[in-house]
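> Starting from these lines, generate the structure:
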Amino acid sequence: MIYQDTKNNAPLTNLTKLIKQKCSDAGFIKIGVSKAKVFNKEKEIFKSWLDDGKHANMEWLNKNMEKRVNPKLVMNDVNSVISLAYLYDTSCVHKDDKKIPKISRYAWGNRDYHKIIKKKLKSLCKEIEDSSPGLETKYYVDDGPIMDKVWAEKSGIGWMGKHTIIINPDVGSFFFLSEILINCELEYDEPIENLCENCSICLEACPTGALYEAYKLDSNLCVSYQTVENKDEIPDYINLNNWIFGCDICQDVCPFNTKRFLSKEKDFFPKENIFNKTYDYLLKISEEEFDNIFEGSAIRRVKYKGWRRNLKKAME
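As a prediction, this is how the structure comes out:
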């Protein structure tokens, strides 16, 4: 194994700096490194959350439990986990008009962020592996058996806010998380202080009570779950508060997002033909038009039936 000289840390330092520079050059605004280990405490917390049914109908979360908490079951020779943050907020804002529905910032762009970031990670991992013989990597963008938020916390990317989203004191919370698993020792970062303190603005602002306690989310009540993951009818007691795909309320009210930090990624800017359009306009879109407009975007996930369901429900 290379770069594991515990008597002389220079190789570790040099490789860590090299990797972080490459990640920064690729556009990631925060980079942190953790030692690969098993998350026993987090496993119990996650299992309790699942047992309480707070995951709603997302049964896939019950799968691969051991892999989620043990990175060596994902990559058997992993030594380190590199956590990355990529900004997605833009200068665009929704109009304050009840006739105009809202779409979460992460989804209103031209392309699904998974595709954009995976392309960057694929190229980045090749650069890292080419930098020294014997290096091997594996990457994920919140779509594998990886506890993204836990790794982000451990590596100092940010802390888990009371709304269960990672917050960084420098750039807020409007960023995507991803990870690179690597088969060598690196210099490790420390977790940063949780600065939520006595603030509970996000809990108070949640329109459905999904944030029923600090750091606890009930997906059954979450507008994002209902408009994206729920494939059935949305319950009568859920008020979408004008959101038709996702929800940004708990992040919008967070004091750490008062100052906005904007992405330069053009594909994260909203589609002009659907952004800030009225319900009437959006409901007139045919299924063929829907497929064309949202080709390659996150919204395509709900399909035409889910799109119209969300629009009609949000109008109530």
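
> Run the chain-centre distance for the longest helix along the chain.
Counting residues, the longest helix in the chain under DSSP state H turns out to be helix 113-130. Averaging C-alpha positions (C-alpha atoms, centre = their mean, to the nearest Å) puts helix 113-130 17 Å from its chain's average.

> Likewise for stretch 254-270?
14 Å.

> first to last residue in it, what's the distance?
22 Å (C-alpha to C-alpha, to the nearest Å).

> residue contacts, residue 100?
Each residue near residue 100 by C-beta atoms under 8 Å, 6 or more residues apart in numbering is listed here: 94, 242, 276-279. In short, each C-beta sits where N, CA and C put it, glycine included.

> Emit the PyMOL select command for whichever of those residues are buried.
Buried residues among those (16 or more other C-beta atoms under 10 Å), as a PyMOL selection:
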select buried, resi 94+242+276+277+279
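
> what about this protein, any weak spots by pLDDT?
1-9 (pLDDT under 70).

> before we move on, back to that, between the contacts of residue 100, which is nearest residue 306?
The shortest approach to residue 306 among these belongs to residue 279, at 15.6 Å (C-beta to C-beta).

> dump the residue contacts of that closest one.
Counting by C-beta under 8 Å, 6+ apart, residue 279 touches 99-101, 311, 314-315.

> Format those residues as a markdown table; extra columns: distance to residue 185 and secondary structure.
Formatted as a markdown table, those follow (distance: C-beta to C-beta, whole Å; DSSP: H, G, I helix; E, B strand; the rest coil):
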| residue | distance to residue 185 | secondary structure |
| --- | --- | --- |
| 99 | 57 | coil |
| 100 | 52 | coil |
| 101 | 49 | coil |
| 311 | 52 | helix |
| 314 | 50 | helix |
| 315 | 56 | helix |
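
> By neighbours, which of those residues wins?
residue 101 (23 neighbours; other C-beta atoms under 10 Å).

> got the contact list for stretch 56-66?
The contact list for stretch 56-66 (C-beta under 8 Å, 6+ apart) reads 43, 46-47, 50, 55, 73, 145, 219-220, 222, 225, 229-232.

> Now, those residues that are in strands?
Assigned to strands by DSSP state E, none of the contacts of stretch 56-66 qualify.

> all helices of the stretch 101-250 of the chain, in order?
For the stretch 101-250 of the chain, the helices defined by DSSP state H, counting those that start in this stretch occupy 113-130, 148-154, 201-205, 223-224, 249-252.

> most tightly surrounded among those?
Ranked by mean neighbour count under mean count of other C-beta atoms under 10 Å, the helices of the stretch 101-250 of the chain are led by helix 223-224, which reaches a mean of 25.

> Give me the contacts around that helix.
So helix 223-224 is in contact with 104, 207-208, 210, 238, 240-241, 243, 246-247, 249, going by C-beta under 8 Å, 6+ apart.

> Determine which two of those are furthest apart.
Spanning the widest gap among the contacts of helix 223-224 are 104 and 238, at 16.0 Å by C-beta to C-beta.

> Now the terminal residues of stretch 150-161, how far apart.
Counting by C-alpha to C-alpha, you get 12 Å between the two ends of stretch 150-161.

> Now tell me what touches it from outside.
30, 32-34, 39, 42, 81-85, 149, 166-169, 173, 177, 179, 188-196, 202, 215, 254, 256.

> try it again with 7 Å
30, 32-34, 39, 42, 81, 83, 85, 149, 166-168, 173, 177, 179, 189-192, 194, 196, 202, 215, 254 (C-beta atoms under 7 Å, 6 or more residues apart in numbering).

> Restricted to helices, list the contacts of residue 100.
Under the assignment DSSP H, these contribute residue 279 to helices.

> ok, back up a step: please list only the buried members of the contacts of stretch 150-161.
In those, burial by neighbour count holds for 30, 32-34, 39, 42, 81, 83, 85, 149, 166-168, 173, 177, 179, 189, 192, 196, 202, 254, counting by 16+ other C-beta under 10 Å.

> and the closest residue to residue 256 other than its chain neighbours, what is it in contact with?
In space, and not counting its chain neighbours, residue 256 is closest to residue 172: 4.8 Å by C-beta to C-beta, 6 or more residues apart in numbering. Contact analysis of residue 172 by C-beta under 7 Å, 6+ apart lists 254, 256-257, 261.

> Show me what the residue most central in space within the chain is bridged to.
The centre of the chain sits closest to residue 176, judged by C-alpha atoms, centre = their mean, with a distance of 4.4 Å. Bridge pairing for residue 176 (DSSP bridges) gives the partners residue 86.

> care to break the protein down by domain?
Residue ranges for the domains of the chain, per automatic domain parsing: 10-93+109-182, 201-257+270-315.

> just how off-centre is the shortest one within its chain?
Offset of domain 201-257+270-315 from its chain centre (C-alpha atoms, centre = their mean): 16 Å.

> going forward, begin numbering at 53 instead of 1
Sounds good: first residue 53 from here, last item domain 253-309+322-367.

> now the end-to-end length of that domain.
One end of domain 253-309+322-367 sits 26 Å from the other (C-alpha to C-alpha).
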